[in-house]
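K.L.:
Just need the structure, nothing else, for what follows:
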Amino acid sequence: MRAMTIGIAVCLSDGALLIADGLAVNPLRENRILSTDARKITQISSTLSAIEFGIMQGTNYALSVMNSSALENATSVLDIVNEIERCSLVGWAQLLSRLGPDVDPTHENIRLGFLVGGYIRNSLRGGLFVGTLHRPEGHDPPLVRTTELHHSVVGGECQGSKSLFKNYAQQEYDLIDSIGLGVCNNIVNAYITAGVRTINEVSESNPQIGGTIRYTIIRRGFPITEGIRECET
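P.N.:
Numbers count the residues shown, from 1 in each chain. Below is the predicted model of the structure:
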């Protein structure tokens with residue numbers, strides 16, 4: 001069982017940037033560390049990748065029933081939302097049906113969700129990201145962003161992760177003197193650095209966050225690019 005992730009999605013003009021920590025713990029066993037190098041970002045089509053949140057038994061099942069051809073042939077953001085919602089609901093139902101008798105189904109760490117980012121292959125529109133989250137309190141409405149540099153942070157809310165990332169991103173953005181070239185230009189790199197700073201700070205007081213920090217850049221005209229930054233804690 002693995003829970004908690006801090007995941008960050010940033011909408012780019014031609015795709016998306018995804019960032020996630022690499023710590024895997026068992027939240028129901030005093031946060032026993034399972035791995036410090038968990039891979040929480042998965043490529044789900046040629047133009048989309050997903051950060052998974054919550055209990056891996058549920059997210060793994062959701063990924064296994066995901067229809068990659070539906071995502072590959074999507075012609076609208078709604079097509080992507082519908083498929084992510086469908087498979088996450090199936091994964092959530094599977095998770096709840098398999099919880100042991102010693103597990104409280106209302107525990108705050110019993111949740112399942114995804115942040116999916118990239119672009120639509122069959123469309124000339126810009127980048128996007130979609131978020132979905134199931135938890136004991138209910139299902140959050142899907143989050144959809146298609147505006148450049150809009151972002152979302154999930155996880156580390158008690159440590160103020162959303163405001164931390166917003167502030168760090170502005171600081172890093174203000175240092176840019178030119179956009180630069182390549183898949184990881186100066187703007188993308190600024191947001192990666194902001195994500196790393198956010199995860200580092202959150203990990204100092206949240207034992208469920210940390211480990212290897214991975215990022216994925218999905219941009220039209222470039223191969224999907226992955227990278228690693230080490231967490232300082």
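
K.L.:
Which pLDDT does the model give the closest residue to residue 99 other than its chain neighbours?
P.N.:
Of all residues not flanking residue 99 in the chain, residue 105 sits nearest, at 5.6 Å (CB to CB, 6 or more residues apart in numbering). C-beta: built from backbone N, CA, C; applies to glycine. Reading off the confidence values, residue 105 has pLDDT 84.

K.L.:
Next, the contact list for residue 105, please.
P.N.:
Residue 105 is in contact with 96, 99, 136, counting by CB atoms under 8 Å, 6 or more residues apart in numbering.

K.L.:
can you tell me the average pLDDT over the helix or strand hosting the first one?
P.N.:
Counting by DSSP states H and E, the element that carries residue 96 is helix 77-97. In this model, helix 77-97 carries a mean pLDDT of 95.

K.L.:
centre of the chain versus the helix or strand just after that helix, how much separation?
P.N.:
Later in the chain than helix 77-97, the nearest helix or strand by DSSP H and E is strand 112-118. Going by CA atoms, centre = their mean, to the nearest Å, the spacing between the C-alpha centre of strand 112-118 and its chain's C-alpha centre is 5 Å.

K.L.:
Toward the C-terminus from strand 112-118, list the very next helix or strand.
P.N.:
Per DSSP H and E, the first helix or strand lying C-terminal to strand 112-118 is strand 128-135.

K.L.:
what's that following strand packed up against?
P.N.:
Here strand 128-135 is seen to pack against strand 7-12, strand 15-20, strand 48-54, helix 77-97, strand 112-118, strand 138-145, strand 151-154 when contacts are counted using 3 or more CB pairs under 8 Å, 6 or more residues apart in numbering; DSSP states H and E.

K.L.:
Distance check, the spatially closest residue to residue 7 that is not a sequence neighbour against residue 155.
P.N.:
Computed as CB to CB, 6+ apart, the closest residue to residue 7 that is not its neighbour in sequence is residue 51, at 3.8 Å. Taking CB to CB, to the nearest Å as the criterion, residue 51 is separated from residue 155 by 9 Å.

K.L.:
For the helix holding residue 96, buried residues please.
P.N.:
Residues of helix 77-97 classed as buried under the neighbour-count rule (16 or more other CB atoms under 10 Å) are 77, 79-81, 83-88, 90-92, 94-96.

K.L.:
low-scoring pLDDT stretches of this structure, where are they?
P.N.:
Judged against pLDDT under 70, the low-scoring parts of the chain cover residues 1-4, 26-31, 230-233.

K.L.:
The residue nearest the centre of the chain bridge partners, please.
P.N.:
With distances taken as CA atoms, centre = their mean, residue 51 lies nearest the centre of the chain, 3.2 Å away. The residues listed as beta-bridge partners of residue 51 by DSSP bridges are residue 41, residue 115.

K.L.:
Wait, it touches residue 114, no?
P.N.:
Yes - taking contact to mean CB atoms under 8 Å, the distance of 6.6 Å between residue 51 and residue 114 places them in contact.

K.L.:
Which residue, other than its chain neighbours, is closest to residue 113?
P.N.:
Beyond its immediate neighbours in the sequence, the residue positioned closest to residue 113 (CB to CB, 6+ apart) is residue 133, lying 3.5 Å away.

K.L.:
Go ahead and confirm the one you found touches residue 53.
P.N.:
Yes - the pair residue 133 and residue 53 qualifies as a contact (CB under 8 Å) at a distance of 6.9 Å.

K.L.:
If anything else comes up later, I'll come back, but that's it for now.
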